[in-house]
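In: Make a model of this:
(one chain, ligands or ions: 1)
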Amino acid sequence: MSQSDSAAFIAGYPLKSHNTFGFDVRAQFACRIEREAQLMAAVRDPRAAGLPRLVLGGGSNVVLTGDFAGLVLLVALQGRRVVREDDHAWYVEAAAGEPWHDFVEWTLSHGLPGLENLALIPGTVGAAPIQNIGAYGVEMCERFASLRAVELETGAVVELDADACRFGYRDSFFKREGRDRFVITSVTFRLPKLWQPRAGYADLARELAAGGHADAAPSARAIFDAVVAVRRAKLPDPLHLGNAGSFFKNPVVEAAQFEALRVKEPEMVSYVQPDGRVKLAAGWLIDRCGWKGRAMGAAAVHERQALVLVNLGGASGAEVLALAKAVRRDVRARFGVELEAEPVCL
Ligand code: EPU
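Out: As a prediction, this is how the structure comes out:
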């Protein structure tokens with residue numbers, strides 16, 4: 001190992017600015033990873049022996065309920081480039097530590113459309129495949145080519161394609177069998193040259209129409225601008241109000257359960273899935289239970305989007321989890337629907 005491969009261990013590291021809820025907790029040790037080789041050096045350091053590990057990118061999909069008694073790997077790998085192109089697509093690679101939104105902007109400014117619907121999603125490129133980020137009619141897996149990851153047990157560098165990542169709705173191999181086993185170091189996206197605008201999502205279509213794009217096919221830049229405007233209007237900026245985006249997944253129920261629910265709640269928002277099951281809008285269910293804008297201590301349900309739980313200032317992870325529990329209880333009691341948390345709770 002060369003001198004530069006060793007990364008500095010910092011004991012008692014404050015994590016407040018490394019989790020978008022802004023919880024004031026500490027890590028027993030933290031290590032900033034700026035080069036891939038530093039990863040295994042950190043993991044194999046005797047001080048880390050036997051300790052649990054946590055990989056943090058932007059910390060936008062995690063609820064830290066207390067101090068972390070282990071090693072936090074702060075993935076700060078940087079770099080982005082077009083790796084190749086063929087007749088059909090450009091292949092663009094970005095290192096795991098790149099902020100997602102900056103990367104989306106960079107692709108557009110280089111004339112590479114395809115990620116515009118995913119503008120302004122908080123977090124890093126490396127975190128994007130873990131929960132298969134999605135918004136306004138596009139999921140990351142539709143633009144995914146492959147990723148590079150380091151297996152922590154062996155130090156092996158692996159390249160995984162979409163099949164291996166087993167993407168689902170806000171889900172992947174890395175949230176299940178692969179959990180805590182790999183650190184993603186870079187992701188390669190496939191951006192088709194035959195670009196088609198994806199502008200059907202209701203909020204997005206409304207915003208585009210308001211901006212004068214009702215008739216003409218909108219450009220990727222127009223979609224990007226509209227997505228940014230919709231998100232700014234609806235979703236709180238973690239820099240001003242701590243949150244982790246949607247706190248719950250939209251639940252999917254059997255068609256029969258949906259039919260029974262619809263009798264009682266004719267206005268229920270729903271999306272029929274290819275397999276016949278029905279996805280419900282968790283935000284609508286929570287809103288309907290009267291939770292929108294309500295607080296429990298310093299944790300609250302956001303006033304403009306009930307799917308987002310926020311830290312009003314000084315909340316602990318435990319307070320947010322208590323609020324989440326109360327919300328789930330009410331949704332279960334009223335609709336018989338179980339809500340599942342989207343972020344990883346530690
Ligand atoms: N709704 C309400 N009240 C609310 C919130 C929503 O009635 O408080 C209704 C809306 O009127 C709409 C429906 O519920 O009819 C769906 O709401 P919206 O379009 O805002 O989307 P969502 O289902 O709440 C999902 C994603 C978001 C993503 C948007 C846009 C999940 C868990 N969330 O939210 O993703 O930005 O669609 O595509 O799938 C995230 O994952 O962190 C995230 C923000």
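
In: Could you look up the SS state of residue 206?
Out: Three-state call for residue 206 (DSSP: H, G, I helix; E, B strand; the rest coil): helix.

In: Tell me how far it lies from residue 261.
Out: 26 Å (C-beta to C-beta, to the nearest Å). For every residue, glycine as well, the C-beta is placed using N, CA and C.

In: repeat for residue 292
Out: 20 Å.

In: Let me see the residues that make contact with the longest helix along the chain.
Out: If you go by DSSP state H, the chain has its longest helix at helix 317-335. When contacts are defined by C-beta atoms under 8 Å, 6 or more residues apart in numbering, helix 317-335 is touched by residues 21, 23, 25, 63-66, 247-248, 261, 265, 282, 285-286, 288-291, 295-301, 309, 311, 337-339, 341, 345.

In: Emit the PyMOL select command for whichever of these are buried.
Out: To isolate the buried members of the contacts of helix 317-335 in PyMOL, using 16 or more other C-beta atoms under 10 Å:
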select buried, resi 21+23+25+63+64+65+247+248+261+265+282+285+286+288+289+291+296+298+299+300+301+309+311+337+339+341
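
In: What score does residue 215 have for pLDDT?
Out: pLDDT recorded at residue 215 is 67.

In: Repeat that for residue 257.
Out: Value for residue 257, per-residue pLDDT: 96.

In: element containing it, please.
Out: Assigned by DSSP states H and E, residue 257 belongs to helix 255-264.

In: what angle separates that helix from helix 317-335?
Out: Interaxial angle of helix 255-264 relative to helix 317-335 (axes from the mean of the first three to the mean of the last three C-alpha atoms, to 10 degrees): 80 degrees.

In: following helix 255-264, which helix or strand shows up next?
Out: Following helix 255-264 in sequence, per DSSP H and E, is strand 270-272.

In: Which positions within that next one qualify as buried?
Out: residue 270.

In: Quick check: mean pLDDT of it?
Out: 94.

In: List of residues touching the helix or strand following it?
Out: Toward the C-terminus, strand 270-272 is succeeded by strand 278-280 as the next helix or strand (DSSP H and E). Contact with strand 278-280 is made by 169, 250-255, 258, 268-273, 337, as judged by C-beta under 8 Å, 6+ apart.

In: Let me know the pLDDT of residue 27.
Out: 97.

In: Hmm, I typed the wrong one, I wanted residue 2.
Out: Reading off the model, residue 2 has pLDDT 52.

In: same question, the one 10 residues further on
Out: According to the model's per-residue confidence, residue 12 sits at a pLDDT of 96.

In: Pull up the residues of the stretch 101-250 of the chain that are close to the ligand.
Out: Contact residues (C-beta under 6 Å from any ligand atom) of the stretch 101-250 of the chain with the ligand: 135, 136, 201, 203, 235, 245, 246, 249, 250.

In: In strands only, show me those.
Out: 135, 245, 246 (DSSP state E).

In: How about the contacts made by the second one?
Out: Listed by C-beta under 8 Å, 6+ apart, the contact set of residue 245 reads 60, 61, 121, 122, 235, 308, 342, 343.

In: Could you check how far the third one is from residue 342?
Out: Relative to residue 342, residue 121 is positioned 12 Å away (C-beta to C-beta).

In: neighbour count winner among the two?
Out: residue 121 (23 against 20; other C-beta atoms under 10 Å).

In: Looks to me like the more buried one is in a helix.
Out: No. Counting by three-state DSSP, residue 121 falls outside a helix, being coil.

In: In this structure it contacts residue 135, no?
Out: Yes. Here residue 121 reaches residue 135: they are 6.2 Å apart, a contact under C-beta atoms under 8 Å.
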